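[1] Here's my sequence, what's the structure:
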Amino acid sequence: MKRKPKKLAKHPTQSRRATVLAALGLFALQFLLPLALVLPAALAEQSAAALDTDPADGADTSAESSVEPSAAESAPVQQADTLDGSITLTVLIDGEAEQMTLADYLWGVVAAEMPAAFQQEALRAQAIAARTYTLYRLENPSTNHPSADICGDSGCCQAWMSTKDRMAQWDSDKAASYAEKITQAVTGTDGLALYYEGEPILAAFHAISAGGTKSALEVWGQDIPYLQAVESPEGEDAAPNYYSAVSVDKADFAKTFSEACPEADLSAEGCADWFGEETYDETGLPVSIEIGGVEVDTSQVRTLFDLRSATFTVECEGDTITFYVTGYGHGVGMSQYGANALAKAGKTAEEILVWYYTGAEVRSMSN
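    Purely as a prediction, here's the structure:
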């Protein structure tokens, strides 16, 4: 059903002739988890990679200097008498299985997945989401790595970095304080996780939403009660690269799209005539677009042309097709930059999480 589109923020360089297209969604398995998209077998293999986060996208990740190994090892996660410290995981890191506590694994995930310059409550929310995803994966093992509980690959599970490697990439004058912030985010939320009807949830997250998150039903084709569309407060002033652009040669576009959708008719001389009616979701964000007479999900367009998200407008000029994209990621679950904006507004980690995960509750895994 076509709905009235929401007025999207206009890309700074976008032509007025740009046609508002497409929609939030995600390629069929950016984050391995049982969300049946096309192949039932693929369900069990979608992972938090669909988290689609931008691990090093914060201001704190552009450091040019490094620190000595001794300093890099000076921020251990305190594990004595902690729930996280009592759990040992087998983690696949760069093809090698390593044994580590949940506490150490979470430190590396938070360090890799969220800029340490973020608000402390946003980092705490990320720690809880990462812990929850880990518990979910323990109960729903991935066949990608049968010999390990989880991995450090963002394309499969969650991104992970060692303390030494992470600190070496931070400015030396900030490394110690950043490391302490992450340590406090992990230890300060020890054992806390998100649950829905007594089970740890699939705590999907992404970097930047386009004003609102998307439901799992819309993006992955499976209705998950706690992954519904909600408003998200970040905008171009709060998130770097909120807008991005990708230009594609007309001939290259036709070749790529025709290979994916051979039934499409791209015979019209003007590429503007290739694009037809678009469909929007209940929040007013684009969901599908007609190209060459074929209706396709904008998530598929995103995958085909390597766009940062499936929320975009398109402009055809001469032999060039340009996508103007808003946000980054599949748009499901917690928006990291949205979480930081909420933290700046005074929200606690728990309030941030229940904002993004509808009906879920934060409680100790000891319960």
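
[2] Q126: neighbouring residues, count only.
    Residues near Q126, counting by other CB atoms under 10 Å, number 32. In this view, the C-beta of every residue, glycine as well, is placed from N, C-alpha and C.

[3] I misspoke; the intended subject was G293.
    G293, neighbours per other CB under 10 Å, totals 12.

[4] That one and A264 touch, don't they?
    Yes - using CB atoms under 8 Å, G293 is in contact with A264, at 6.5 Å.

[5] Spatially, which residue comes closest to V362, not counting chain neighbours?
    E350 (4.8 Å; CB to CB, 6 or more residues apart in numbering).

[6] Who are the packing partners of the helix or strand harbouring the one you found?
    If you go by DSSP states H and E, E350 is part of helix 349-356. Using 3 or more CB pairs under 8 Å, 6 or more residues apart in numbering; DSSP states H and E as the contact test, the elements touching helix 349-356 are helix 120-139, strand 334-335, helix 336-344, strand 361-364.

[7] what's the average pLDDT for the first one?
    If I follow you right, that is helix 120-139. Average pLDDT, helix 120-139: 97.

[8] what stretches of the chain score poorly on pLDDT?
    Residue ranges of the chain with pLDDT under 70: 1-80.

[9] on that earlier part again, just the buried residues of the helix holding E350, please?
    349-350, 352-356 (16 or more other CB atoms under 10 Å).

[10] for the helix or strand hosting Q300, packing partners?
    For Q300, the enclosing helix or strand under DSSP H and E is helix 298-304. Judged by 3+ CB pairs under 8 Å, 6+ apart, the packing partners of helix 298-304 are helix 250-260, strand 286-291, strand 312-317.

[11] Give me the angle between the next helix or strand after the first one and strand 312-317.
    Remark: after helix 250-260, the chain's next helix or strand is strand 275-280, criterion DSSP H and E. Comparing the axes of strand 275-280 and strand 312-317 via axes from the mean of the first three to the mean of the last three CA atoms, to 10 degrees yields an angle of 170 degrees.

[12] tell me what strand 275-280 is packed against?
    If you count contacts as 3+ CB pairs under 8 Å, 6+ apart, strand 275-280 packs onto strand 19-20, strand 286-291.
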